[in-house]
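Got a predicted structure plus its sequence, pasted below:
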Number of protein chains: 2
Amino acid sequence: MPTADPIARAVQQLKRLPGIGEKTATRLVYWMLNAPSGTPSDIASALVALEDGIHPCSLCCNLTGSDPCPICADPKRDARLVCVVEHPQDVLAFERSGEYRGRYHVLHGSIAPLDGVTPDQLKIRELLARVGPGLDEVILATDPDVEGDATALYIGRLLQPLGVKVTRLAHGISVGTEIEYADAVSLARALQYRREM
Amino acid sequence: MPTADPIARAVQQLKRLPGIGEKTATRLVYWMLNAPSGTPSDIASALVALEDGIHPCSLCCNLTGSDPCPICADPKRDARLVCVVEHPQDVLAFERSGEYRGRYHVLHGSIAPLDGVTPDQLKIRELLARVGPGLDEVILATDPDVEGDATALYIGRLLQPLGVKVTRLAHGISVGTEIEYADAVSLARALQYRREM
């Protein structure tokens, strides 16, 4: 390498990130070298804090810096409603929509036997433990793909005998989609689950 | 923010990087949370090293972790040849080409009065100090734009009285360019500087 060690090392490390190749990593490193003093350390210390400060919420299993997480701790959130998602990022997506005022449960994956992910590796036991008199409805919001559907089916069968209402997120064509360009599977689902007007 | 502090803080910090927005920063943070333990700290410590370990080479002014930099310290590099570039990244580009065996001089910018960059802010004095009996040729490899051309002209005029050979990088159409799609300015230069075959 023509560059001295610390630059090459920083490029090497940044290249580990998804979607960041040699060129982008090099650009980021030289940007940091030209940035106001303290910039690389500020970014670095925020990354280190990820390692020490983050753990799963003991209630909803979302990744959080406090326990219970801010959503589970918020008395204004409706505790009778739990939305089950695959990943912490899905919680962010729901929060962005601004439509949901219940709580969440993060499974940390979906059942995928081909990838070696079995139900006992997901936070399903923790979800069942939350079912009780204070819980009215569980919304299964796993991804609308093979693994997500299988996971929803599996969890639904475990929950139904417990007397809690179980629902699945509506699937169909996205808002703003032109029918001409809608993918076949979404269109098929939109037909299958059509509502009366 | 629905996320707990350390995640939001890491997203905030990564968003400072050029070309990285909220979505990419979030994706990177959750990737790091799922990465093998120690990954964020490894990346972080490489960034911190950028701050402490990097300084300009006392000879060529390239950013380096050792002084003189590995290129200036390499006895196999031709010390009679100095290639003047605007940025440290330009050195990487020349090294990638594998064609150049001389040394470099990094100006750290180009003369741009409109942006407030005057000649005395560039490493021009340091370049003039390198001119002597051991130096045969200075190749001006500033960018082929208005600022780069002006910088080359300015430095060329300072160097010529010192009796050193001064050359400018050839400009023309890029290798692999179809003439049909070549930009007008490159084509004009290619005509202007045409060689006899």
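Now that the structure is in, tell me what you want to look at. Because the structure is a prediction, the values reported are computed rather than measured.

Identify the spatial nearest neighbour of A:R27, chain neighbours not counted.
B:P18 (6.9 Å; C-beta to C-beta, 6 or more residues apart in numbering or on different chains). Quick note: C-beta positions are derived from backbone N, CA and C, even for glycine.

Helices along chain A, start to end?
In chain order, chain A shows helices spanning A:5-14, A:22-34, A:39-53, A:70-73, A:88-97, A:124-129, A:146-159, A:184-192, with DSSP state H as the criterion.

what about the second one, average pLDDT?
Read that as helix A:22-34. Rounded to a whole number, the mean pLDDT of helix A:22-34 is 93.

okay, the helices of chain A, which one's buried deepest?
When you average the neighbours per residue for each of those (mean count of other C-beta atoms under 10 Å in any protein chain shown), helix A:5-14 leads with a mean of 21.

Please report how far the residue nearest to A:V48 when sequence neighbours are not counted lies from A:E99.
What sits nearest to A:V48 in space, not counting adjacent residues and going by C-beta to C-beta, 6+ apart, is B:A44, at 4.8 Å. Taking C-beta to C-beta, to the nearest Å as the measure, B:A44 and A:E99 are separated by 36 Å.

before we move on, what about A:I155?
In terms of C-beta to C-beta, A:I155 sits 22 Å off from A:E99.

swap in A:V11?
42 Å.

Over to A:P70?
For A:P70, the distance to A:E99 (C-beta to C-beta) stands at 18 Å.

same question, A:T167
Between A:T167 and A:E99 the distance, using C-beta to C-beta, works out to 14 Å.

The residue positioned nearest the centre of chain A: what's it in contact with?
The centroid of chain A falls nearest to A:H87 when counting by C-alpha atoms, centre = their mean (2.5 Å). Counting by C-beta atoms under 8 Å, 6 or more residues apart in numbering or on different chains, A:H87 makes contact with A:106, A:108-109, B:30.

at 7 Å instead, please
With contacts defined as C-beta atoms under 7 Å, 6 or more residues apart in numbering or on different chains, A:H87 is in contact with A:V106.

Show me which helix or strand of chain A is least confident by mean pLDDT.
Considering only helices and strands, the least confidently modelled element of chain A by mean pLDDT, DSSP states H and E is helix A:184-192, at a mean of 80.

what's next to that one, contact-wise?
Contacts made with helix A:184-192 from outside it, assessed by C-beta under 7 Å, 6+ apart, are listed as A:171-173.

so how far is that helix from its chain's centroid?
24 Å (C-alpha atoms, centre = their mean, to the nearest Å).

Low-confidence ranges, chain A, go.
Along chain A, the model assigns pLDDT under 70 to residues A:1-4, A:197.

For the closest residue to A:A170 other than its chain neighbours, give me its contacts.
Spatially, and ignoring its direct neighbours in sequence, A:A170 is nearest to A:Y193 (6.6 Å; C-beta to C-beta, 6+ apart). Residues touching A:Y193, when contacts are defined by C-beta under 7 Å, 6+ apart, comprise A:170-172.

The longest strand seen in chain A near chain B anywhere?
For chain A, the longest strand by residue count, based on DSSP state E, is strand A:78-85. No. Applying C-beta under 7 Å from any C-beta of the partner chain, one finds strand A:78-85 out of contact with chain B, separated by at least 12.3 Å.

nearest spatial neighbour of A:Y30, skipping sequence neighbours?
B:Q89 (5.5 Å).

about what we covered before: adjacent strands (with direction) for the longest strand of chain A?
strand A:102-106 (parallel), strand A:137-140 (parallel) (DSSP bridges).

Break chain A into its domains for me.
The record's domain split for chain A, according to automatic domain parsing, is A:5-53, A:56-168.

out of these, nearest to B:P161?
domain A:5-53 (33.1 Å; C-beta to C-beta).

picking up where we left off before, which one of A:T167 and A:E99 has more residues nearby?
Remark: of A:T167 and A:E99, A:T167 carries more neighbours, 14 against 7, as counted by other C-beta atoms under 10 Å in any protein chain shown.

That one contacts A:E137, correct?
Yes. With contacts defined as C-beta atoms under 7 Å, A:T167 counts as touching A:E137 at a distance of 6.3 Å.

ok, A:E180 to chain B distance?
A:E180 sits 27 Å away from chain B when distances are taken as C-beta to the nearest C-beta, to the nearest Å.
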